[in-house]
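J.: Build me a model:
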Amino acid sequence: MTTNGDQEKNRFQIELEFIQCLSNPWYLNNLAQQQYFKDPEFINYLEYLTYWKDPEYAKFVMYPHALYFLDLLQYPQFRDYISTSENTQEVHRMQYYHWMYLRNPPRPSEDPAAAPASAQQEQQPSATSSSSAPTS
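T.: From the prediction side, this is the model:
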């Protein structure tokens, strides 16, 4: 016999796993091909799952794009858009480039010669400030 706590834990795990699957554009395409996006009950389920965007739940989501796609799935235009292979490929490509370039932007040069002269002067102690006692 399962307790209410076990049922809640099981539901949490199942929903979290499903939410994370939404980060994959090809999974979304498969859902569209299987006509899930035509089922009003499934659309209601997607709307219900938006509570995962709350910080107390979102902290468990490993793939933030899942929540972004969950938002997009609230719109019939996106559900129709993701149903074709060409569009899914484009979404997948945009996701890849986001991970590649926007998530990890190139770091600025750490070459000291590239730093402004005033910043270098602030880092070097001056000879006058090193005296131990002021003269009167």
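
J.: can we go C-alpha only for contacts and neighbour counts from here?
T.: Fine.

J.: how near is the closest residue to Ala58 other than its chain neighbours to Cys21?
T.: The spatially closest residue to Ala58, leaving aside those adjacent along the chain, is Trp52, at 5.4 Å (C-alpha to C-alpha, 6 or more residues apart in numbering). As judged by C-alpha to C-alpha, to the nearest Å, Trp52 and Cys21 stand 13 Å apart.

J.: Next, count neighbours for the residue nearest to Ala58.
T.: 18 (other C-alpha atoms under 10 Å).

J.: Check the secondary structure at it for me.
T.: On the three-state scheme (DSSP: H, G, I helix; E, B strand; the rest coil), Trp52 is labelled helix.

J.: Show me what counts as buried in the top helix by length along the chain.
T.: Counting residues, the longest helix found in the chain (DSSP state H) is helix 4-21. For helix 4-21, a neighbour-count test (16 or more other C-alpha atoms under 10 Å) marks 16, 19-21 as buried.

J.: Likewise for stretch 34-52?
T.: 37, 43, 46, 49, 52.

J.: No further queries at this time; thank you.
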